[in-house]
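# Pasted the sequence and its predicted model underneath.
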Amino acid sequence: MEISVVSLFPEMFAAVRDYGVTGRAVQNGLLSIQCCNPRDFTTDRHQTVDDRPYGGGPGMVMKTEPLQQAIAVAKASVAPGATVIYLSPQGRQLTQAGLAELAAKPSLVLLAGRYEGVDERLIDSEIDEEWSIGDYVLSGGELAAMVMIDGLSRLLPGVLGHHLSAEQDSFAEGLLDCPHYTRPEHFRGMAVPGVLLSGNHEAIRRWRLKQSLGRTWLRRRDLLEQVELSDEQNKLLAEFIRELDD
Ligand SMILES: NC[C@H]1CCC[C@@H](CNc2ccc(C(N)=O)cn2)C1
C-alpha cells in the first residue's frame, strides 16, 4: 500500500514509519509512507502556511495555495487513482470494518489539517472521503492519520505474523480481546487459569472465545448486538453469564 501524507509536521510520521509492526511493514516493502509539507510550496520570506478566515473570528485557516500544490504532489507520488482522505471530527467514524475497506485500496493521500482547518472549497474539490477517529478534537490531523495508518497496516497481507493475528480475529469477529497471561505462573497471589497450562488447544480456544464473548457482553453490549453469534458462541456466552453468579 502506498500512502502519501500532507502535513506541516512530517517528522511526526517517524512514529509509524520507523517503529514496530508498521516500521517492519515499511522495511518489507508492504507499506510506503511519504510526506509532503505545504511549507515547501510557499514563496514568501516567512513561508506563510496560514491565512485569515473570511468572516473574521479567532484562529487561522490553512493557506490554500501551498496546500493545493502539496496535495497535487502527494497525489502524483502514489499510484494513480489514490483516495484522498481528510481527517477531521466531521468525518465518518473509523471502525475495524472501515479499516478493512481502506486496507483494500491501492493508494491513499491523507491530509492532516492544522489551525481551524481547510477552505471548504478545497475540501469539495480535492477530498474524496472525510474520516474521524473519534468524537474529540486534536491539535492536528497527524495523530489521527497515524492511527489510521497503523490500523490499516495490520490488515495488509504479510504484515502480521500468525502470532499477532489472534487479536485481529477477536476484533474482526466484532468481539473484545480475551485476557492474556505470561510468566510467572503466580503473580501477586494470582494464578494463571488452569486451562491455559493444560496443553489442550481445543479447550484453550473455547476458553479464549468464551472470555472474549463474556467481556464484550459485560463491557460493550452495543458491539455484541451487532454480531451474529454461532451456536457455539451462544452456548459459551450463556455459560459465562451463568458462571458470573457462582
Ligand atoms: N475544527 C477543528 C479541526 C479543523 C481541521 C483540522 C483538525 C485537526 N484535528 C483533528 C483531526 C481529526 C480528528 C479526529 N477526531 O479524527 C480530531 N482532530 C481540527
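The structure has been received and is ready for your questions.
# What is the least confident helix or strand in the protein?
Lowest by mean pLDDT, DSSP states H and E among the helices and strands of the chain is helix 162-172, with a mean of 65.
# which element follows it toward the C-terminus?
Next along the chain after helix 162-172, taking DSSP states H and E as the criterion, comes strand 186-187.
# Does anything pack onto that next one? Which helices or strands?
Applying 3 or more CB pairs under 8 Å, 6 or more residues apart in numbering; DSSP states H and E, we find strand 186-187 packed against no helix or strand. All C-beta atoms are positioned from the backbone trio N, CA, C, and that covers glycine.
# pLDDT of it, averaged?
Averaging the model's pLDDT scores along strand 186-187 yields 98.
# List the buried residues in the lengthiest strand in the chain.
As assigned by DSSP state E, the longest strand anywhere in the chain is strand 83-93. Neighbour-count burial for strand 83-93 flags 83-88, 91 (criterion: 16 or more other CB atoms under 10 Å).
# now for the helix or strand just after it, which elements pack on it?
Sequence-wise, the next helix or strand downstream of strand 83-93 (DSSP H and E) is helix 96-103. With contacts taken as 3+ CB pairs under 8 Å, 6+ apart, helix 96-103 sits against strand 83-93, helix 142-153, helix 162-172.
# Switch those over to CSV; also include distance to the ligand.
Output for those, formatted as CSV (distance: least, CB to the nearest ligand atom, whole Å):
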stretch, distance to the ligand
strand 83-93, 4
helix 142-153, 4
helix 162-172, 19
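# Residue 112: which of the ones you listed is closest?
In terms of CB to CB, the element of these nearest to residue 112 is helix 142-153, at 4.5 Å.
# got the angle between the closest one and helix 96-103?
Orientation check (axes from the mean of the first three to the mean of the last three CA atoms, to 10 degrees): helix 142-153 against helix 96-103 gives 80 degrees.
# Centre of the chain to helix 142-153, how far?
Relative to its chain's centre, helix 142-153 lies at 4 Å (CA atoms, centre = their mean, to the nearest Å).
# Next, the buried residues of that helix.
Within helix 142-153, the residues that count as buried by 16+ other CB under 10 Å are 142, 144-153.
# For the longest helix seen in the chain, report the contacting residues that lie outside it.
The longest helix of the chain (DSSP state H) is helix 201-219. With CB atoms under 8 Å, 6 or more residues apart in numbering as the test, helix 201-219 has contacts from 170, 173-179, 193, 195-196, 198, 223-224, 227, 229, 232-233, 236-237, 239-241, 244.
# Averaged pLDDT, the helix or strand just after that helix. What do you get?
Next along the chain after helix 201-219, taking DSSP H and E as the criterion, comes helix 221-224. The average pLDDT for helix 221-224 rounds to 97.
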